[in-house]
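Student: okay, structure incoming, though there's no sequence with it:
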């Protein structure tokens, strides 16, 4: 394992994410899947997963990455984030016996993706940062077979491992969970700045196509000031053409007492982002045709119309608007 520091008394520091856990022999990190075994950090769940599923790519969510294609999705257990509102807490927070999980090695995953004509393989359900070796080995084999790879991630990662990880990802949806250090510290047990650094790096310095998601929670990260600050940061650091999905929170894990996000909350964020000049804004997991549609950034006509995760109209030709020939940002089949 290259991202580690060997310390005294048999201790090893894991350097994959900004937690930089220092572990004694046999001890696991915050994520509970990376472990000090005989003086080296190992991934204790390599090859194990919680099951495989075929999804539309829109569910990741990725709206500009080969729309209406199928994705073979899988995840493992564990997470390096401490989100009190986690929607997948049963696999990210429970210390499940790995022997109860499915075992599917990278070669088998690629074979399954080919068998079911999946355009891509997605590392999702839990953060692939914690199982990066498993994800990278799978991605390398996918690339040999012409299969795309997708990371659904928090982006809470140290710079050197991020460089290797995103080299092998064709697309990512990075979860920008809020836009204040206080929100990340209190509700994610993490820090905002490393996430922003990773997002800037991936968008500006790699070939990994990227979209962002922010899940809005009432009273926590949904103020007009915070949404405005986030959108302005995106415009100043990433440009106006990185899609942003504002998604709804549903009471879960330690936020059972919180109210579910209403569509009006998503619409408010949608309107702010659009008014500031972001070209591709979506309301995520609460279905609405108008706010799930992609509009040409030049003539503003609808070029991809969606009903939920289903594409119902498609007006791009070779990735360009059929009405005015302006290119739509993203990755599209001819």
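Tutor: Perfect, thanks for sending it. The model shown is predicted, which means the values in this text are computed figures rather than measured ones.
Student: rest of the way, CA atoms for contacts and neighbours
Tutor: OK.
Student: remind me what whichever strand or helix holds residue 201 packs against, helices and strands.
Tutor: Assigned by DSSP states H and E, residue 201 falls within helix 193-205. For helix 193-205, the packing partners by 3 or more CA pairs under 8 Å, 6 or more residues apart in numbering; DSSP states H and E come out as helix 159-167, strand 209-216.
Student: what strands line up against the shortest one, and which way round?
Tutor: Strand pairing for strand 209-216, using DSSP bridges, gives strand 171-175 (parallel), strand 244-248 (parallel).
Student: next SSE after it?
Tutor: helix 224-237.
Student: and that next one, what's buried?
Tutor: By 16 or more other CA atoms under 10 Å, the buried positions in helix 224-237 come out as 226, 227, 228, 230, 231, 232, 234, 235.
Student: redo the residues you listed as a markdown table? Include distance to residue 211 and pLDDT.
Tutor: Putting the buried residues of helix 224-237 into a markdown table (distance: CA to CA, whole Å; pLDDT from 0 to 100) gives the following:
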| residue | distance to residue 211 | pLDDT |
| --- | --- | --- |
| 226 | 19 | 98 |
| 227 | 16 | 98 |
| 228 | 18 | 98 |
| 230 | 14 | 98 |
| 231 | 13 | 98 |
| 232 | 16 | 98 |
| 234 | 11 | 98 |
| 235 | 13 | 98 |
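Student: what's the angle from the helix holding residue 201 to helix 224-237?
Tutor: For helix 193-205 against helix 224-237, the angle by axes from the mean of the first three to the mean of the last three CA atoms, to 10 degrees is 40 degrees.
Student: quick one: distance of helix 193-205 to the chain centre.
Tutor: In terms of CA atoms, centre = their mean, to the nearest Å, the centre of helix 193-205 is set 13 Å apart from its chain centre.
Student: what's it in contact with?
Tutor: Applying CA atoms under 8 Å, 6 or more residues apart in numbering, the contact partners of helix 193-205 are 18, 154-159, 162, 166, 174, 176, 181, 208-210, 237-238.
Student: just stretch 8-17 next, same as before
Tutor: For stretch 8-17, contacts defined as CA under 8 Å, 6+ apart pick out 3-7, 20-25, 29, 34, 36, 38-41, 80, 129-130, 156-158, 161.
Student: which of these count as buried?
Tutor: Among the contacts of stretch 8-17, those scoring as buried are 4-5, 20-25, 29, 34, 36, 39-41, 80, 129-130, 156-158, 161 (criterion: 16+ other CA under 10 Å).
Student: how many other residues sit next to residue 314?
Tutor: Residue 314 is flanked by 16 other residues according to other CA atoms under 10 Å.
Student: so for it, what's the pLDDT?
Tutor: According to the predicted model, the pLDDT of residue 314 comes to 98.
Student: for it, phi and psi?
Tutor: Its backbone dihedrals place residue 314 at phi -140, psi 110, with angles given as degrees, to the nearest 10.
Student: beta partners of it?
Tutor: Here residue 314 shows beta-bridge partners residue 304, assigned using DSSP bridges.
Student: list the contacts for it?
Tutor: Contact partners of residue 314, counting by CA under 8 Å, 6+ apart, are 303, 304, 305.
Student: at 10 Å instead, please
Tutor: Residues near residue 314 by CA atoms under 10 Å, 6 or more residues apart in numbering: 67, 68, 294, 302, 303, 304, 305, 306, 321, 322.
Student: ok, residue 261 next?
Tutor: By CA under 10 Å, 6+ apart, the contact list for residue 261 reads 215, 216, 217, 218, 222, 247, 248, 249, 250, 251, 286.
Student: sitting in strands, which of the contacts of residue 314 do you find?
Tutor: 294, 302, 303, 304, 305, 306, 321 (DSSP state E).
Student: what about the residue lying closest to the second one once chain neighbours are set aside, how many residues nearby?
Tutor: Closest residue to residue 302 apart from its sequence neighbours, by CA to CA, 6 or more residues apart in numbering: residue 295 at 4.3 Å. Close neighbours of residue 295, defined as other CA under 10 Å, add up to 21.
Student: would you map out the domains in the protein?
Tutor: By the assignment in automatic domain parsing, the chain contains the domains 1-44, 47-321.
Student: now distance to residue 329 too, for these, in a markdown table please.
Tutor: Rendered in a markdown table, the data for the domains of the chain read as follows (distance: least, CA to CA, whole Å):
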| stretch | distance to residue 329 |
| --- | --- |
| domain 1-44 | 30 |
| domain 47-321 | 7 |
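Student: which regions of the stretch 201-334 of the chain sit below the pLDDT cut-off?
Tutor: Low-confidence regions of the stretch 201-334 of the chain, defined here as pLDDT under 70, do not occur.
Student: phi, psi of residue 93?
Tutor: Main-chain dihedrals, residue 93, degrees, to the nearest 10: phi -110, psi -20.
Student: who touches it in this structure?
Tutor: Under the criterion of CA under 10 Å, 6+ apart, the contact partners of residue 93 comprise 31, 32, 77, 78, 79, 80, 81, 82, 83, 86, 126, 253.
Student: so of the residues you listed, which ones are in strands?
Tutor: Here DSSP E is the test, and the contacts of residue 93 give no hits in strands at all.
Student: one step back: the residue nearest to residue 302 touches residue 321, doesn't it?
Tutor: Yes. Here residue 295 lies in contact with residue 321, judged by CA atoms under 10 Å, at a distance of 9.1 Å.
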